[in-house]
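Trainee: The sequence isn't on hand, but the structure is:
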């Protein structure tokens, strides 16, 4: 079996490729290296350097593959609100190119990297897949539109999909096999790490007046290695059951921004941070219900304890910034 991993040189993509290889699956990576990195490419994979805006190149890359895992997306929430044209072109047009190429090459299985951002402001605390979808940022809108296109391509082209609605991906492979730090990270924990190692002067806490116990946003942080194993399980489900699904991936536990800050300081060292106004498009709380993934995929997160998330991230930053050991 051979799988095309689109965006396989990126942060999540490299961990997914590692999980596929560990499962004995052959991998072809397709990546334009705009955010992915060559250091994340494993020697035993095939690599195609190109963009998802090139449908002809996608068709060629889909030759003799059994399925696709699609992780190539722009994903910074704040940036999506100021540069929607980039997100529309890359996320939506790029995915349509991929689906059209799959239809031409008769590839019938795709695992799609979606997002909890499709839900928008939660109407209840624990968000399940039946929760209304109403994105409050353009990034989330692009993910939801792609899910809708997937539903139509399922009906019209028999392309079966699993859309995995990630909550907050964090951490790094504990064995140190994945070595590339995420480029220009926009998420909380890498920003904390960049502050600790001196890349950033300080870390900003955006909003301290939310309706949460400490006033800061609460998120469901899931270790990237747990996300990766879920992709392998989703792929196996598609190949066996040939049924489309939409599944949450999360730990069902929330941690606040301030909790993450304090625990990181306790485990590593204090770092400069200060309060700042809220950012547009940030809901107060977003935590998962992931029963469907547990039931259908037999999947359970095993790497996502808060200390492991923090320490696995710090271990890689120490390799890249040894002066901070």
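Mentor: Right, received. Where do you want to start? Here the structure is a predicted model, which is why all the values come from computation and not from measurement.

Trainee: residues contacting residue 164?
Mentor: Listed by C-beta atoms under 8 Å, 6 or more residues apart in numbering, the contact set of residue 164 reads 111, 112, 113, 114, 227, 230, 231, 234, 247, 249, 293. (Each C-beta comes from the backbone N, C-alpha and C, glycine too.)

Trainee: Now for the closest residue to residue 109 other than its chain neighbours, how many residues are close by?
Mentor: Closest residue to residue 109 apart from its sequence neighbours, by C-beta to C-beta, 6 or more residues apart in numbering: residue 67 at 3.6 Å. Residue 67 is flanked by 23 other residues according to other C-beta atoms under 10 Å.

Trainee: now do the one 3 residues further on
Mentor: Other residues near residue 70 come to 26 when the count uses other C-beta under 10 Å.

Trainee: quick one: it and residue 98 touch, right?
Mentor: Yes - assessed by C-beta atoms under 8 Å, residue 70 is found in contact with residue 98 at 6.2 Å.

Trainee: Report the set of residues contacting both of these two.
Mentor: Shared contacts of residue 70 and residue 98 (C-beta under 8 Å, 6+ apart): 6, 110.

Trainee: Report how many residues lie close to the closest residue to residue 138 other than its chain neighbours.
Mentor: Of all residues not flanking residue 138 in the chain, residue 80 sits nearest, at 4.1 Å (C-beta to C-beta, 6+ apart). Other residues near residue 80 come to 23 when the count uses other C-beta under 10 Å.

Trainee: for the residue nearest to residue 109, which residues make a bridge with it?
Mentor: On the basis of DSSP bridges, residue 67 is bridged to residue 3.

Trainee: And it, how far from residue 30?
Mentor: Per C-beta to C-beta, to the nearest Å, residue 67 is found 13 Å from residue 30.

Trainee: What of residue 129?
Mentor: If you go by C-beta to C-beta, the gap between residue 129 and residue 30 works out to 28 Å.

Trainee: neighbour count winner among those two?
Mentor: Neighbours per residue, other C-beta under 10 Å: of residue 129 and residue 30, the larger number sits with residue 30, 29 against 18.

Trainee: just checking, that one touches residue 61?
Mentor: Yes - the pair residue 30 and residue 61 passes the contact test of C-beta under 8 Å, sitting 4.9 Å apart.

Trainee: who touches both of the two?
Mentor: 4, 48, 50.

Trainee: ok, and the most crowded of the residues you listed?
Mentor: residue 4 (28 neighbours).

Trainee: any idea how far the closest residue to residue 104 other than its chain neighbours lies from residue 47?
Mentor: Of all residues not flanking residue 104 in the chain, residue 59 sits nearest, at 5.8 Å (C-beta to C-beta, 6+ apart). The gap separating residue 59 from residue 47 is 17 Å, by C-beta to C-beta.

Trainee: Give the helix, strand or coil label for residue 237.
Mentor: helix (DSSP: H, G, I helix; E, B strand; the rest coil).

Trainee: Now do the contacts for it.
Mentor: By C-beta under 8 Å, 6+ apart, the neighbours of residue 237 are 162, 243, 245, 296, 297.

Trainee: for the chain, longest helix please?
Mentor: helix 138-157 (DSSP state H).

Trainee: Mind listing what's buried along whichever helix or strand comes after it?
Mentor: Using DSSP states H and E, the helix or strand that follows helix 138-157 in sequence is strand 160-166. Applying a neighbour-count criterion of 16 or more other C-beta atoms under 10 Å, one finds 160, 161, 162, 163, 164, 165, 166 buried in strand 160-166.

Trainee: what's across from the first one in the sheet?
Mentor: Yep, that's residue 160 we're talking about. residue 109.

Trainee: from what I can see it touches residue 239, true?
Mentor: No - contact between residue 160 and residue 239 fails when scored by C-beta under 8 Å: they sit 9.2 Å apart.

Trainee: mind listing the strands for the stretch 201-325 of the chain?
Mentor: 203-206, 218-219, 221-223, 245-249, 255-256, 273-276, 285-288 (DSSP state E, counting those that start in this stretch).

Trainee: Residue 31: what's it in contact with?
Mentor: Counted by C-beta under 8 Å, 6+ apart, residue 31 has contacts 6, 7, 8, 9, 10, 13, 47, 48, 49, 72.

Trainee: need the residues you listed in TSV with pLDDT and distance to residue 149, can you?
Mentor: Below are those laid out as TSV (pLDDT from 0 to 100; distance: C-beta to C-beta, whole Å):
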residue	pLDDT	distance to residue 149
6	98	15
7	98	17
8	98	22
9	97	24
10	96	22
13	97	21
47	98	27
48	98	23
49	98	26
72	97	15
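
Trainee: what's the closest of the residues you listed to residue 189?
Mentor: Distance to residue 189 across these (C-beta to C-beta) is lowest for residue 10, with 16.4 Å.

Trainee: burial count for the closest residue to that closest one other than its chain neighbours?
Mentor: Leaving aside its chain neighbours, residue 10 sits nearest to residue 36 (4.3 Å; criterion: C-beta to C-beta, 6+ apart). Neighbours of residue 36 under the rule other C-beta under 10 Å: 25.
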